[in-house]
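# give the three-dimensional model of this entry:
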Amino acid sequence: ARTRVLSADRPSEALEYFSRQLTTGNDSTPVRYGLALSMIELGQSAEAAEMLAPALEQYPRQANLNLLQGRVQLLAGDKAGALATLGKALNAYPRYAPAILAYADALMTVGKPEEARQVLISHEQALGVQTETYNLLSQAARDSGNMAEASYQMAKFMDTRGKPGGPQAQ
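Have a look, this model is predicted:
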C-alpha cells in the first residue's frame, strides 16, 4: 500500500484506487493504511485518523500503523500525542530504523533537536544504514547551534546520498 501511494503520479490517484477497493468490499488493513497515507499526502489528517482507527484497533502493535498514527497526530497539532505514539513504537521496536527516524523527525518538528540527536546516535541501526539519518543529525546539530557537527553530518548525508549522474557512494 505504501509503495502504491508513494509511487503514484498524484496522491489523488492512490486515494481513488484505495477508495474503490474499500467500496467494493475490501475493508482490509492494507487498504485502510493506503487510504490514510493518501489522505495525509493530500493534507486530510482528520480523515486519515478516522480511516486508520479500525486498523489500529485490530493491530494495535503494528509498527507501520503506529508510525502513520504518529504522523497524523503531528499534522493535527497533537505534539504530545505524536511523541507518545512514536515513542511507544520505538520502545516496542528499538531496532527498527523507520521508528527511530520517525521519532527523531518528530522531535525535530516539535523543537527538540538535542533529544533528536541523542535518539539518532544512541540507536546504531540508524547510523550508516539510512541516508536520512545524516540529514536529521545535521538539522539537529544546526538547531542546537553546533555548526561544526552540522557541517560534518551534512557532508555524510551528501556522501551517502551520492551525486545524480556521478559516482555513487559505496
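
# which SSE is the residue at minimal distance from the centre of the chain in?
With distances taken as C-alpha atoms, centre = their mean, A102 lies nearest the centre of the chain, 4.3 Å away. Secondary structure assignment for A102, by DSSP states H and E: helix 97-109.

# count of neighbours near A63?
Neighbour count of A63, defined by other C-beta atoms under 10 Å: 16. Just so you know, the C-beta spots here come from the backbone N, C-alpha and C atoms, and that holds for glycine as well.

# distance check, it against N91.
As judged by C-beta to C-beta, to the nearest Å, A63 and N91 stand 11 Å apart.

# one more: A148?
Distance from A148 to N91, by C-beta to C-beta: 32 Å.

# neighbours of the residue lying closest to L83 once chain neighbours are set aside, how many?
Excluding the flanking residues, the one nearest L83 by C-beta to C-beta, 6 or more residues apart in numbering is A106, at 5.9 Å. A106 has 23 neighbouring residues, counting by other C-beta under 10 Å.

# now for A106: which residues touch it?
Contacts for A106 (C-beta atoms under 8 Å, 6 or more residues apart in numbering) come out as 70, 74, 79, 82-83, 86.

# take the residues you listed and lay them out in CSV including neighbour count and secondary structure.
Compiled in CSV, the contacts of A106 are given as follows (neighbours: other C-beta atoms under 10 Å; DSSP: H, G, I helix; E, B strand; the rest coil):
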residue, neighbour count, secondary structure
G70, 26, helix
L74, 21, helix
K79, 16, helix
A82, 24, helix
L83, 20, helix
L86, 26, helix
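
# just the pLDDT for the residue sitting furthest away from the middle of the chain.
In the chain, T24 marks the outermost C-alpha relative to the chain mean, sitting 29.5 Å out by C-alpha atoms, centre = their mean. We have a pLDDT of 96 for T24.

# quick check: it vs F18, distance?
Per C-beta to C-beta, T24 is found 11 Å from F18.

# one more: A141?
A141 is 39 Å from F18, by C-beta to C-beta.

# helices or strands next to the strand or helix carrying S151 in the packing?
Following DSSP H and E, one finds S151 within helix 147-161. Packing partners of helix 147-161 (3 or more C-beta pairs under 8 Å, 6 or more residues apart in numbering; DSSP states H and E): helix 131-143.

# show me which residues of the helix it packs on are buried.
With burial defined by 16 or more other C-beta atoms under 10 Å, the residues of helix 131-143 counted as buried are 132-143.

# could you give me the buried positions within the worst-scoring helix or strand of the chain on mean pLDDT?
In the chain, the helix or strand scored least confidently by mean pLDDT, DSSP states H and E is helix 147-161, which has a mean of 77. Within helix 147-161, the residues scored as buried using 16+ other C-beta under 10 Å are 149-150, 153-154, 156-157, 160.
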